[in-house]
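Trainee: Sequence and predicted model, in that order:
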Amino acid sequence: MKITEHIKKANGKTLFSFEIIPPKKGNNIQELYNNIDPLMEFNPPFIDVTTSREEYVYLEKEGLLDRKITRMRPGTVGICAAIKHKYDVDTVPHVLCGGFSKEETEYLLVDCHYLGIDNVMALRGDAMSHQKYFEASKDGHKYATQLVNQVKNLNKGKYLHDVIEAADTSDFCIGVAGYPEKHLESPSLQTDLKRLKEKVDAGADYVVTQMFFDNQKYFEFVKAAREMNINVPIIPGIKPLAVKRHLQILPQVFRIDLPEHLIREVEKCETNLDVRKVGVEFAIQQSKELLAAGVPVLHYYSMGKSDNIHAIASELF
Ligand code: FAD
């Protein structure tokens with residue numbers, strides 16, 4: 001079922017959902033299940049599964065270093081199918097521009113359709129670790145809007161190189177990313193919102209936001225989006241702080257601000273277990289305010305560990 005249908009069916013009640021990351025190559029899927037199991041009591045209508053970009057590895061060959069491409073956490077579509085059938089829950093694979101040609105994306109979408117996956121998150125992806133700026137892959141898309149167009153075309157039977165009049169075309173519901181504190185490459189929030197509007201005009205059905213720690217920024221973002229006629233659901237993404245290092249990493253990687261009082265509480269912590277507790281308490285208070293404001297879904301970034309998300313959801317759902 002489409003995410004937009006889940007939201008409509010909930011009739012104003014806020015839903016619970018979360019995002020997971022595939023395990024590192026060579027690991028078993030069981031650990032992922034062990035983390036999902038406790039969260040199923042909160043009836044998530046959907047679970048997102050991220051896609052990681054490829055990385056370079058350097059292998060020694062005859063005294064020289066040979067550069068090869070590898071993917072540390074492959075398996076997004078397989079995991080989506082496995083979870084969907086194990087838990088009877090909708091899953092949302094993240095589909096990236098970066099690292100994929102348009103043809104590879106087409107085949108990935110065909111697989112999703114065969115597997116009964118009804119939703120995809122269309123994302124550009126970040127630059128690879130050695131790159132300063134994002135570069136489109138050979139024969140790949142440069143912006144998420146182009147990816148949304150491709151999915152939309154597929155929904156109409158328009159493949160890259162043929163038009164197929166099939167009785168059962170895909171009908172993917174498409175999610176895209178939104179940034180309450182603007183995307184790090186964007187010159188201003190207003191420009192970034194114009195880009196978001198382009199994604200929605202191209203056919204995106206809903207938005208999931210980047211993590212934020214100040215609800216006011218989310219509320220202002222939604223208001224500004226509505227003023228620009230972006231009328232699709234805007235789902236807040238919430239990340240509980242879990243380690244002290246997050247104080248440096250999150251602002252650096254995502255260009256987001258952390259509130260002073262949260263920083264102070266984390267700085268007082270002696271262990272990461274203490275930080276985890278602070279992170280949970282903060283996320284509970286943040287979620288309560290969002291819940292009271294009637295957000296459609298509270299969507300949590302779990303990073304594959306569920307104990308803190310469980311503690312938060314227990315207070316809210
Ligand atoms: P876009 O919408 O393409 O925007 C990228 C930048 O280009 C923005 O600055 C935008 O303003 C600008 N822009 C857009 N269109 C144009 C145009 N026509 N001309 C000029 N500028 C333009 N990353 C992963 O690698 N894997 C994941 O699974 C993943 N999941 C995510 C989930 C969520 C909810 C979010 C918020 C992010 C996720 N990301 C993921 C990160 C995402 O890939 C990065 O933030 C990436 O840098 C931007 O992706 P986007 O889809 O927002 O790109």
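Mentor: Great, that's in hand.
Trainee: so where do the strands sit in the stretch 151-300 of the chain?
Mentor: Along the stretch 151-300 of the chain, counting by DSSP state E, counting those that start in this stretch, strands occupy 173-178, 206-211, 234-238, 297-301.
Trainee: and of these, who's closest to Q248?
Mentor: Evaluated with Cβ to Cβ, the strands of the stretch 151-300 of the chain place strand 206-211 nearest to Q248, the distance being 15.0 Å. The way it works is simple: take the backbone N, C-alpha and C, and place the C-beta from them, glycine included.
Trainee: for that closest one, packing partners?
Mentor: helix 3-10, strand 173-178, helix 215-227, strand 234-238, helix 246-254 (3 or more Cβ pairs under 8 Å, 6 or more residues apart in numbering; DSSP states H and E).
Trainee: mind putting these in CSV, distance to the ligand, mean pLDDT and mean neighbour count included?
Mentor: Shown next, in CSV, are the helices and strands packed on strand 206-211 (distance: least, Cβ to the nearest ligand atom, whole Å; pLDDT from 0 to 100; neighbours: other Cβ atoms under 10 Å):
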stretch, distance to the ligand, mean pLDDT, mean neighbour count
helix 3-10, 12, 98, 17
strand 173-178, 3, 98, 25
helix 215-227, 12, 98, 16
strand 234-238, 5, 98, 23
helix 246-254, 8, 96, 14
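Trainee: Which one of the ones you listed lies nearest to G203?
Mentor: Of all the helices and strands packed on strand 206-211, strand 173-178 comes closest under Cβ to Cβ, at 6.0 Å.
Trainee: Kindly report the residues of this structure close to the ligand.
Mentor: Within the chain, the residues that sit near the ligand (Cβ under 6 Å from any ligand atom) are 50-51, 53, 94, 96, 123-126, 143-145, 177, 183, 185-186, 192, 195, 199, 208, 210, 237.
Trainee: and these, which are buried?
Mentor: For the residues of the chain next to the ligand, a burial check counting by 16 or more other Cβ atoms under 10 Å picks out 50-51, 53, 94, 96, 123-126, 143-145, 177, 183, 186, 192, 195, 199, 208, 210, 237.
Trainee: Mind checking which of these are in helices?
Mentor: A144, T145, D192, R195, K199 (DSSP state H).
Trainee: can you pull the pLDDT of the second one?
Mentor: In this model, T145 is scored at 98, pLDDT.
Trainee: before we move on, back to that, out of the ones in helices among the buried ones among the residues of the chain next to the ligand, which is nearest to P251?
Mentor: Of these, the one sitting nearest to P251 (Cβ to Cβ) turns out to be D192, at 17.5 Å.
Trainee: pLDDT score for the closest residue to the closest one other than its chain neighbours?
Mentor: Nearest in space to D192, with sequence neighbours left out and distances taken as Cβ to Cβ, 6 or more residues apart in numbering, is S186 at 3.8 Å. On pLDDT, S186 comes in at 97.
Trainee: Just to check, S186 is in contact with R195?
Mentor: Yes. Counting by Cβ atoms under 8 Å, S186 touches R195, with 7.0 Å between them.
Trainee: And stretch 199-211, what's buried?
Mentor: For stretch 199-211, by 16+ other Cβ under 10 Å, it's K199, V200, A202, G203, A204, D205, Y206, V207, V208, T209, Q210, M211.
Trainee: Just give me how far it sits from the chain centre.
Mentor: 11 Å (Cα atoms, centre = their mean, to the nearest Å).
Trainee: Alpha carbons of it, as CSV, please.
Mentor: This file holds the C-alpha atoms of stretch 199-211, laid out as CSV (Å, rounded to 0.1, in the frame of the first residue of the first chain):
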residue,chain,number,x,y,z
LYS,A,199,10.5,17.4,-7.2
VAL,A,200,6.8,17.6,-6.1
ASP,A,201,5.7,19.0,-9.5
ALA,A,202,7.6,16.2,-11.1
GLY,A,203,5.4,13.7,-9.2
ALA,A,204,6.7,13.2,-5.7
ASP,A,205,3.9,12.2,-3.4
TYR,A,206,5.4,12.9,0.0
VAL,A,207,8.5,14.4,1.7
VAL,A,208,10.6,13.0,4.5
THR,A,209,12.8,15.6,6.2
GLN,A,210,16.4,15.5,7.2
MET,A,211,16.9,15.2,10.9
